[in-house]
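Engineer: curious how this folds, go ahead:
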Amino acid sequence: MNDYPLVSIISVNYKQTEVTLDFLRSLSQITYKNIEILLVDNGSGQDMADKVLKYFPAVRVIVSKENLGFAGGNNLAIEKAKGKYLMFLNNDTEVESDFLEPLVQTMEEDPNLGLISPKIIYYDTKLIQYAGAIGINPYTGRGAKVGHLEVDQGQYNDIRYTDLGHGAAMMIPIEVVKKVGMMPDIFFLYYEEHDWCELIKRAGYGVKYVGTSKIYHKESVSVGRESPLKTYYMTRNRLLFMRRNYSGIPLIMSMLFFVFLAIPKNTLKFARKSIPLLKSFYKGIFWNMTHFRDLKYTPQLNAE
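Structural biologist: Numbering: from 1, shown residues only. Predicted coordinates:
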């Protein structure tokens, strides 16, 4: 690759300053040098900016007084990014030093690509979290990750089309964002990258998995691996995703599947584990019963 287009690396922090500093230390070791780093402090109410700039003065810190969620925080940075490509990375990730070159090369070789994601490895166990994905079934609302929990032995070191990228690490050309809109912030947390993928595919772009690039993910550091907050948004947004992306018989069947299978199953599961989790599950359902307006809205980026 003879040309090194500018890549805007975007990440969002919410009350995880030390985790974010580890993330930035990891980025400081990468071999691809034509980058800018935009870090959003998403309503943390802490002195994160001072600590970041002390050690990483080149980072552009964007402070939001309120927590805008994952999508809203990323959108703040999108509006200020200057790169040809936007590289979204969770602040609880760490990267291999050469992770960026294969992603840029893949994008440069195929102008019809709209989104790509690298191989993602669980930081603690070193097992595979993501090596591509099978799309969300329009009748059940369920999807699947390729390679999940397998030992990484190079079996997924390929580059191929896939149904969905992964929100912890994904690259999108700025021109695609101008055409399809920014991250759908109605989701606030979880499922926004799936919805974005669907918007991108409907606009005629491809989505690829790039197994020659690798990052490590600490997974749900900000909200906990199983918490009322995560349970609420996973429930709320699973239903919201279906309502935004499907209609007619598929939507009716998915709602029936949820009512007669998912609700009884999860009621029993959460009742055994934790009453706060059970309450959050039903709170997520109730939100969908009371929110019907502006369902399809996606924030737009000024094309100039």
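Engineer: can you map out the helices along the stretch 201-304 of the chain?
Structural biologist: 228-245, 248-257, 263-273, 275-290 (DSSP state H, counting those that start in this stretch).
Engineer: counting by contacts, list what the lowest-mean-pLDDT helix or strand in the chain packs against.
Structural biologist: When each helix and strand of the chain is scored by mean pLDDT, DSSP states H and E, helix 48-55 comes last, with a mean of 90. Contacts defined by 3 or more C-beta pairs under 8 Å, 6 or more residues apart in numbering; DSSP states H and E place helix 48-55 against helix 17-27, strand 35-42, strand 60-64. Yep, even glycine has a C-beta here, placed from its N, CA and C like the rest.
Engineer: list the neighbours of the longest one that are in contact with it.
Structural biologist: Read that as helix 17-27. 9, 11, 13, 37, 39, 44, 46-48, 51-52, 55-56, 59, 89, 91-95, 218, 221 (C-beta atoms under 8 Å, 6 or more residues apart in numbering).
Engineer: among those residues, name the buried ones.
Structural biologist: With neighbours counted using 16 or more other C-beta atoms under 10 Å, the contacts of helix 17-27 contain these buried positions: 9, 11, 13, 37, 39, 44, 48, 52, 56, 59, 89, 91-95, 218, 221.
Engineer: thinking again about what came up before, who wins for proximity to Pro138 among the helices of the stretch 201-304 of the chain?
Structural biologist: Nearest to Pro138, of all the helices of the stretch 201-304 of the chain, is helix 248-257, at 3.8 Å by C-beta to C-beta.
Engineer: ranking the helices and strands packed on helix 48-55 by burial, who's on top?
Structural biologist: Mean neighbour count (mean count of other C-beta atoms under 10 Å) peaks for strand 35-42 among the helices and strands packed on helix 48-55, with a mean of 23.
Engineer: and the angle for that one with helix 17-27?
Structural biologist: Orientation check (axes from the mean of the first three to the mean of the last three C-alpha atoms, to 10 degrees): strand 35-42 against helix 17-27 gives 170 degrees.
Engineer: quick check: mean pLDDT of strand 35-42?
Structural biologist: What strand 35-42 shows for mean pLDDT is 96.
Engineer: ok so Ile186 is a strand residue?
Structural biologist: No - checked against DSSP: H, G, I helix; E, B strand; the rest coil, Ile186 lies outside a strand; its state is coil.
Engineer: what's the neighbour count on it?
Structural biologist: Look at Ile186: counted by other C-beta atoms under 10 Å, it has 21 neighbours.
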